[in-house]
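*Asks:* Pasting the sequence and the predicted model now:
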Amino acid sequence: MTIGTIPLRWLGALAAGCALAAGVHGQPLTPTEQAGRRLYHDGVDRAGRPIEARVAGSATPLKGKAMACGNCHGEDGRGRAESGVDPGDVTWTELTKPYGHAHANSRRHGPYDRGSFIRSMRDGVDPAGNALEPAMPRYDVDDANLDALIAYLKRLDRQFDAGITGTTLRIGTVLPTVGAAAAAGGDVQRVLQGYVDGVNQRGGVHGRKIQLVVESAGDDDASVRAALDRLLVKDPVLALLAPITVRHERAFAAAAEQARVPLVGPLTLFPEGAAASSTYVFHLLPGVAELAEALAVRMHPVLGLSGRPIVLLHAADADGKAAAQAVEERLKARGYTGLVLEPVSPLQDLATRLKQRKASAVIVLSPGPSLTAVVKAASAEGLHPHWLVPAPFVPPDILDWPAELDGRVMLAYPTLPTDRTAAGTAALMSATGGTPSARHRAMQTTALGASMVLVEGLSRAGRDLSRQKLLTALEGVQGFDTGLTPRIGYNADRRIGSYGAYAVRVDLAQRTFVPMPDFIRLQ
């Protein structure tokens, strides 16, 4: 079985490799500490079985991940008070303080040792025999597993996540350096390195310098797999930044999820839908599906009650059809009816098929071999629908489309030149050494914006940094101004930073583009 193009068996090895890597200042965990880590984070024992526990007042045991220690005490074991419950710091140094503990509820006790810790986990009492808080589960776990947990707790307060040292933060990316996409990869690498160099010259982030690690991958599965292995297993990074993920989107998302590594700003036409976002993947801008949805929102007063078919023109392969089905569901939820999925291929009879459908509008979800040829052929047969085209599929000769379509062609863009401030433009010039790419400027702009978002997240996470803290910090980014894009914002459920688009009308009579005044926000 595979997820995207990466085999599940490889993802399992990836997860195991990341557990091995998460040690003290780069030193791997011992087998016992690894077992304790799995119990703490995943709620499984040394044999891989889900642990069981009961919460005070409940006779029904809960199992596995729901009972994992890290759910309440956090990735780093230090715990943060929330909703009136203070889970407490469970790092071993804290638990074994020689002068003991005095809690807010007046409960007092001496330091923990192995025996009192095991008793607290099973019976819910502290070293003085006082009952722990009702929210603390009582675990059905044997001594060997609790000894493993203690071993891991001893490492927690001395541990950096992979990719973090006292002086550096390792950030990785995957870019093509050979083949047809090598020029794009080189332009993206230039802007990423230029921005990182600037951050480091200003002192880095909380006193740490950023080290950008670039791994090369071609268009084949094997090279993508090898690049991710190098970044997430062999010499793991703290986060991934702006890799070019075209045709490997699901593989990158699955790998980031398995390794628990934040991935910021993957460069792709197809971000995940907001409802199905990976926890660890933070997209900067919307993709084709979101742009198409924004056009449908803008055109709803014209098309919503037409009663005539609206064709979703998609690539003929399985992924193309799946993308069209996802858009179809979104538009149905917005009140559209009469939606029809139509593959681009075979091209020779596409215009005829569109006429047979009596299409009132065509939403383009694939570039096709020649969109302009199809449009002209359809017009020659007397079919003049509204054409709604997301930015990545706008052909360079669109101003040559038939005059009969004037006022019936609408485009969607994630950004417009008006989004660029003087500061944003200066940042792009600085990162590119004063020469942004003419061909790949949009990719460079997105990569630079993603870099700004990542550094904002690192800054918010603080000096006491971990992957989990970075993840939480990124979720808290709201209204962030890159100076290059619409303002960026995330939350616990949304992973597309700018969730909307601009509509642009094509004025064929005047041979020009007319941006519509309002940004179309999606919910």
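*Replies:* Ah, there it is.
*Asks:* how about the strands of the stretch 51-200 of the chain, start to end?
*Replies:* Using DSSP state E, counting those that start in this stretch, the strands of the stretch 51-200 of the chain run over 52-54, 62-63, 101-102, 108-109, 138-140, 168-175.
*Asks:* Tell me the strands beside the second one, with direction?
*Replies:* Each strand paired with strand 62-63, and its direction, by DSSP bridges: strand 52-54 (antiparallel).
*Asks:* Residue 34: which of the strands of the stretch 51-200 of the chain is closest?
*Replies:* strand 138-140 (19.0 Å; C-beta to C-beta). Where you see a C-beta, it was placed from the backbone N, CA and C, and this is true even at glycine.
*Asks:* What average pLDDT does the closest one get?
*Replies:* Confidence over strand 138-140, taken as the mean pLDDT, stands at 93.
*Asks:* What helices and strands are in contact with it?
*Replies:* With contacts taken as 3 or more C-beta pairs under 8 Å, 6 or more residues apart in numbering; DSSP states H and E, strand 138-140 sits against strand 52-54, helix 114-123.
*Asks:* Show me where the stretch 101-250 of the chain dips below the pLDDT cut-off.
*Replies:* 157-159 (pLDDT under 70).
*Asks:* on that earlier part again, can you put the strands of the stretch 51-200 of the chain in JSON lines and add mean neighbour count?
*Replies:* Converted to JSON lines, the strands of the stretch 51-200 of the chain look like this (neighbours: other C-beta atoms under 10 Å):
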{"stretch": "strand 52-54", "mean neighbour count": "18"}
{"stretch": "strand 62-63", "mean neighbour count": "15"}
{"stretch": "strand 101-102", "mean neighbour count": "14"}
{"stretch": "strand 108-109", "mean neighbour count": "14"}
{"stretch": "strand 138-140", "mean neighbour count": "19"}
{"stretch": "strand 168-175", "mean neighbour count": "24"}
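*Asks:* Tabulate these in TSV, adding columns for distance to residue 510.
*Replies:* Output for those, formatted as TSV (distance: least, C-beta to C-beta, whole Å):
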stretch	distance to residue 510
strand 52-54	70
strand 62-63	66
strand 101-102	76
strand 108-109	80
strand 138-140	73
strand 168-175	40
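*Asks:* what's the closest of these to residue 426?
*Replies:* Nearest of the strands of the stretch 51-200 of the chain (C-beta to C-beta): strand 168-175, 22.7 Å.
*Asks:* quick one: residue 32 from residue 75, how far?
*Replies:* Per C-beta to C-beta, to the nearest Å, residue 32 is found 20 Å from residue 75.
*Asks:* Kindly report the same for residue 455.
*Replies:* To residue 75, residue 455 is 21 Å away according to C-beta to C-beta.
*Asks:* Which one of the two is surrounded by more residues?
*Replies:* residue 455 (20 against 17; other C-beta atoms under 10 Å).
*Asks:* which residues touch the more buried one?
*Replies:* 199, 205, 210 (C-beta atoms under 8 Å, 6 or more residues apart in numbering).
*Asks:* Surely the second one and residue 169 touch.
*Replies:* I take that to be residue 205. Yes. The criterion here is C-beta atoms under 8 Å, and residue 205 meets it with residue 169 at 6.5 Å.
*Asks:* shared neighbours, these two?
*Replies:* Residues touching both residue 205 and residue 169 (C-beta under 8 Å, 6+ apart): residue 458.
*Asks:* what residues go with each domain of the protein?
*Replies:* For the chain, automatic domain parsing gives the domain ranges 27-156, 168-287+418-492, 288-413+502-521.
*Asks:* Just want the most central residue of this structure.
*Replies:* Centre of the chain computed as the mean C-alpha position; nearest residue by C-alpha atoms, centre = their mean is residue 281, 1.2 Å away.
*Asks:* quick one, phi/psi of that residue?
*Replies:* phi -110, psi 120 (degrees, to the nearest 10).
*Asks:* contacting residues for the residue lying closest to residue 153 once chain neighbours are set aside?
*Replies:* Leaving aside its sequence neighbours, residue 153 sits nearest to residue 92 (C-beta to C-beta, 6 or more residues apart in numbering; 4.4 Å). Residues near residue 92 by C-beta under 8 Å, 6+ apart: 150, 153-154, 156-157.
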